[in-house]
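Enquirer: Here's a sequence, model it:
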Amino acid sequence: MRDKRAARLGFCAAVAAVGMVVSATPAFATNPAGVAALGSAQFTKGSTVSSIPTLAQCAVDGATSASTPGVVASGVRFGSGTSSCTTTVVDPDADVTTTKSEALGRDFELSALVTAGGPRIRIGNWRVTCNATQNGTSASWTYSGMTGLTGLPNPMPRNFVKEIKRSNGVLLATAKFNEIVLPDPNDGSIALTMMRVTFAPGSNITGEVVVGSTACSPTP
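Expert: As a prediction, this is how the structure comes out:
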């Protein structure tokens, strides 16, 4: 039997938001044991390629902490941030553990759309978290200090897509918020991306930008 539940809480969506998704009933997990990262960028604008590999990624079964002083590429900037992926033993006799994978970032700015007539998108701070137990997983996100995108719903639905348009209605990009991946059939694992910006042909840019990602699976 599948048990799949999702909930979303939020406030002042254009300025600050918080979200949560919960999944249960573990079997054979397909998502990682536990990872978290600040984000990434890979897009081409004219002859300029902007590439920022996945920033400050941690893993419960690899590098358990990571950090970055910040990275700038043409049209996009990530400020400083950290991540930590921890394992806690809750029952030593039975080798029962829990995990927590979390990334915290600040001072994100996407300016690539400005010359195409689009907004300058900024996020002051953000956090993504994935918690896992033997019984299942939960993932959550929060951000504050967003400017450049207005009219976001509150609460934010799962996999909500905000169209980013020029003043004449030309679609420049889409921003997907609260992007959730729950395996089907449900195995108790979960993957979350806080925001994914995908450029449209009207911007003359190809590629995408990710802000805040995490995933985890039930512990053995």
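Enquirer: Downstream of the lengthiest strand in the chain, the next helix or strand is which one?
Expert: If you go by DSSP state E, the chain has its longest strand at strand 96-110. Per DSSP states H and E, the first helix or strand lying C-terminal to strand 96-110 is strand 121-133.
Enquirer: which secondary structure elements does the strand or helix carrying residue 142 contact?
Expert: If you go by DSSP H and E, residue 142 is part of strand 136-144. Here strand 136-144 touches strand 16-24, strand 121-133, strand 190-199, strand 205-216, going by 3 or more CB pairs under 8 Å, 6 or more residues apart in numbering; DSSP states H and E. Placement of C-beta: from N, CA and C, glycine included.
Enquirer: Now do that strand and strand 205-216, the angle between them.
Expert: Between the axes of strand 136-144 and strand 205-216, defined by axes from the mean of the first three to the mean of the last three CA atoms, to 10 degrees, the angle is 130 degrees.
Enquirer: what are the C-alpha coordinates of the helix or strand following strand 136-144, in CSV please?
Expert: Once strand 136-144 ends, the next helix or strand along the chain (criterion: DSSP H and E) is strand 160-165. C-alpha atoms of strand 160-165 as CSV (Å, rounded to 0.1, in the frame of the first residue of the first chain):
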residue,chain,number,x,y,z
PHE,A,160,4.0,25.6,-8.7
VAL,A,161,5.1,27.3,-12.0
LYS,A,162,5.4,31.1,-12.2
GLU,A,163,5.7,32.4,-15.7
ILE,A,164,8.2,35.3,-16.1
LYS,A,165,7.2,37.6,-19.0
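Enquirer: where does the most far-flung residue of the chain relative to its centre fall, helix, sheet strand or coil?
Expert: When each C-alpha in the chain is compared with the mean C-alpha position (CA atoms, centre = their mean), residue 93 comes out farthest, at 35.5 Å. Judged by DSSP: H, G, I helix; E, B strand; the rest coil, the three-state class of residue 93 is coil.
Enquirer: burial measure for residue 101, as a count.
Expert: When neighbours are counted by other CB atoms under 10 Å, residue 101 registers 30.
Enquirer: circling back: and the helices and strands packed on strand 136-144 as CSV, adding mean pLDDT?
Expert: Listed next are those as CSV, based on pLDDT from 0 to 100:
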stretch, mean pLDDT
strand 16-24, 50
strand 121-133, 97
strand 190-199, 97
strand 205-216, 98
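Enquirer: one step back: show me what the longest strand of the chain packs onto, helices and strands only.
Expert: Partner elements for strand 96-110 (3+ CB pairs under 8 Å, 6+ apart): strand 34-45, strand 58-59, strand 76-78, strand 81-91, strand 121-133, strand 205-216.
Enquirer: Within its sheet, name the partner strands of it and how each one runs.
Expert: As defined by DSSP bridges, the strand partners of strand 96-110 come to strand 76-78 (antiparallel), strand 81-91 (antiparallel), strand 121-133 (antiparallel).
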